[in-house]
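Peer 1: Got a predicted structure here, sequence first:
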Amino acid sequence: MAERLRARLKQKTRMARVLLSTHYATMLEYRAEIALWALSGVLPLIMLGVWQGSGAAAAAGISASSLNHYFLATFVVRQFTVVWMIYEFERDALEGRLSPFLLQPLHPLWRYVAAHLAEQATRVPFVALMLTVIALVAPDLLWWPGPSRLLLAVVAMLAAFSLRFLLQTIVAMLCFWSERAAALDRLLLIPYLFLSGLVAPLDTYPPGVRRLAELTPFPSMVNFPARLLAGESVDVAGGFAVMALWCALLLPPCLLLWRAGVRRYSAMGA
């Protein structure tokens, strides 16, 4: 039994390595496009300029250094938690490219996970270059978090990516019933922007809006990992517990919608 488990684990590890390396090679072919994607994620830096110019940070009781660290951390978190699988999945489902994936032993959703992780790895040098430019232009914006904080922030970013991937996967499953499911994801963009802490720290929101935001998974996608990376005082255990709770809540409907959708997709293709 132990030898069989080791053999299966070795097989799964080799499969994951091959899948990631294949998608990484594919992403390298589109590195110019990925550079543009990285440049398109500068909204937090734009909001930093808006906050600095308006003087609202001082009115909200936030120091200039805290504001700089928060929005720069938000920029980094945003870069490595982008999820776009719904657009790829919608095209695969509509064009029939999903069919051969269903015949293979590997669950099709793992292909999209591997593609995202490979894209994030390809994005690293571009983000590092952008941070270098920021350091040259405005050296007071950059700082280096301690090793433990950096490790926690990386884990939080991976968890935030997982949470956002699950949420978008639920919406993507609607592709089995609708040809325009991606439009629903664009509707989710509005609460994501305003309730995640992407355009403003949640501490600056009115108490009622902040409580509403805390009832959604959006703060866990940006605010919590950004505050960790920025070195702010944050409830680490509570933050990770909330992320785990949301993942546990989103996983069952994701799996149920997948099974129901695949049955409908197979029936339509029969």
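Peer 2: Perfect, I can see it now.

Peer 1: F71 and P44 touch, don't they?
Peer 2: Yes. The pair formed by F71 and P44 meets the contact definition of C-beta atoms under 8 Å, at 4.7 Å. C-beta here means a position set from N, CA and C on the backbone, and glycine is covered the same way.

Peer 1: So for those two, which sits in the more crowded spot?
Peer 2: Legend: neighbour count by other C-beta atoms under 10 Å for F71 and P44, higher for F71 (27 against 22).

Peer 1: Enumerate every residue touching the more buried one.
Peer 2: Counting by C-beta atoms under 8 Å, 6 or more residues apart in numbering, F71 touches 44-45, 47-48, 51.

Peer 1: Counting only helices, which of those make the cut?
Peer 2: Of the positions in these, 44-45, 47-48, 51 sit in helices, assigned by DSSP state H.

Peer 1: just these now: which is nearest F194?
Peer 2: Proximity to F194 was ranked across the ones in helices among the contacts of F71 by C-beta to C-beta; first place goes to M47, at 11.5 Å.

Peer 1: pLDDT wise, what is P105 at?
Peer 2: P105 is assigned 81 on the pLDDT scale.

Peer 1: Buried among the contacts of F71? Need that as a selection in ChimeraX.
Peer 2: The following ChimeraX selection, which keeps only the buried ones among the contacts of F71, applies the criterion 16 or more other C-beta atoms under 10 Å:
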select :44,45,47,48,51
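
Peer 1: Go through the contacts of F71 and name the one nearest E90.
Peer 2: Relative to E90, and with distances defined as C-beta to C-beta, the nearest of the contacts of F71 is P44, at 27.6 Å.

Peer 1: could the contacts of F71 be laid out in TSV, adding distance to V124 and pLDDT?
Peer 2: As requested, these are arranged in TSV below (distance: C-beta to C-beta, whole Å; pLDDT from 0 to 100):
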residue	distance to V124	pLDDT
P44	18	85
L45	18	83
M47	23	83
L48	22	82
W51	27	79
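
Peer 1: Longest helix in this protein, by number of residues?
Peer 2: Ranked by number of residues, the top helix in the chain under DSSP H is helix 236-269.

Peer 1: I'd like to know which elements that helix is packed against.
Peer 2: helix 98-102, helix 147-172, helix 218-221, helix 223-229 (3 or more C-beta pairs under 8 Å, 6 or more residues apart in numbering; DSSP states H and E).
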